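K.L.:
Quick one, what's the 3D model for this:
(chains A and B)
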Protein chains: 2
Amino acid sequence: MIFSAQIKVMPLKDLLDPQGKAVLGGLANLGITSINDVRIGKQIELTIEADSKEAAHQIATEAATKLLANAVMEMFEVTIVG
Amino acid sequence: MIFSAQIKVMPLKDLLDPQGKAVLGGLANLGITSINDVRIGKQIELTIEADSKEAAHQIATEAATKLLANAVMEMFEVTIVG
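P.N.:
Sure thing, here's the model as predicted:
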C-alpha cells in the first residue's frame, strides 16, 4: 500500500532563528508590521510503500531521525495522511 | 489578540524537485528503500497581532503572496492556529 507522510521539521524553540529574523525584517520593509515573530522550517512529503499505516510511520520516523532532521537543532513531527 | 499562522509552501506538483531527488538518493544510501518520492518545501510559523482570526489569515496570506512564496514555482496553504 502507498502512504503519504508529512514531516514538519522546525528549529528548537530556544534557538535563535536568523532566517526568521531576516524574513521578519523583509516583511516590515514591505509594510507588514503586525507580525511579531517568524520561524522557518522544512515541510517534507514522502510517498512510502508499506504494509500498514504504523509501518509507514516507522519508516518516516527513521528517515527523519537518520537524515531529514538535525537532532541537535531541530524537532520534527510525522503525520501519515490517507 | 495574538494568533499563530502556519504557512506551508511547497513546489508546484508538475515541477521537478531536485532537492527531493537528492534526499531520495541519500535515504536509499542509508538503506531506506521503501520511499518512492520526496518533496521538500518550507514550513513557516508567524506570530501575528490582529483583531480577528480572519484578519490574521489575511495578514498571513499577504505575507505569503508578497514574500514567503514564489508564485511561479510554489503553492502555499495558510492555517490559523488557536
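K.L.:
Which residues lie in contact with the residue of chain A positioned farthest from its centre in this structure?
P.N.:
For chain A, the residue at maximal distance from the C-alpha centroid (Cα atoms, centre = their mean) is A:Gly31, at 27.5 Å. Neighbour list for A:Gly31: empty [criterion: Cβ atoms under 8 Å, 6 or more residues apart in numbering or on different chains]. Any C-beta I mention is one placed from the backbone N, CA and C, and that applies to glycine too.
K.L.:
residues making contact with stretch A:43-51?
P.N.:
With Cβ under 8 Å, 6+ apart as the test, stretch A:43-51 has contacts from A:1-9, A:56, A:59-60, A:63-64, A:68, B:8-10, B:23, B:34-43.
K.L.:
ok, 7 Å please
P.N.:
For stretch A:43-51, the external contacting residues (Cβ atoms under 7 Å, 6 or more residues apart in numbering or on different chains) are A:1-9, A:56, A:59-60, A:63, A:68, B:8, B:10, B:34-43.
K.L.:
And the residues you listed, which of them are buried?
P.N.:
Buried residues within the contacts of stretch A:43-51, counting neighbours by 16 or more other Cβ atoms under 10 Å in any protein chain shown: A:3-9, A:56, A:59-60, A:63, A:68, B:8, B:10, B:34-35, B:38-43.
K.L.:
interface residues of chain A facing chain B?
P.N.:
Applying Cβ under 7 Å from any Cβ of the partner chain, we find that chain A lies next to chain B at A:8, A:10, A:23, A:26-27, A:30, A:32, A:34-50, A:59, A:62-63, A:66-67.
K.L.:
From these, which land in strands?
P.N.:
A:8, A:10, A:35-49 (DSSP state E).
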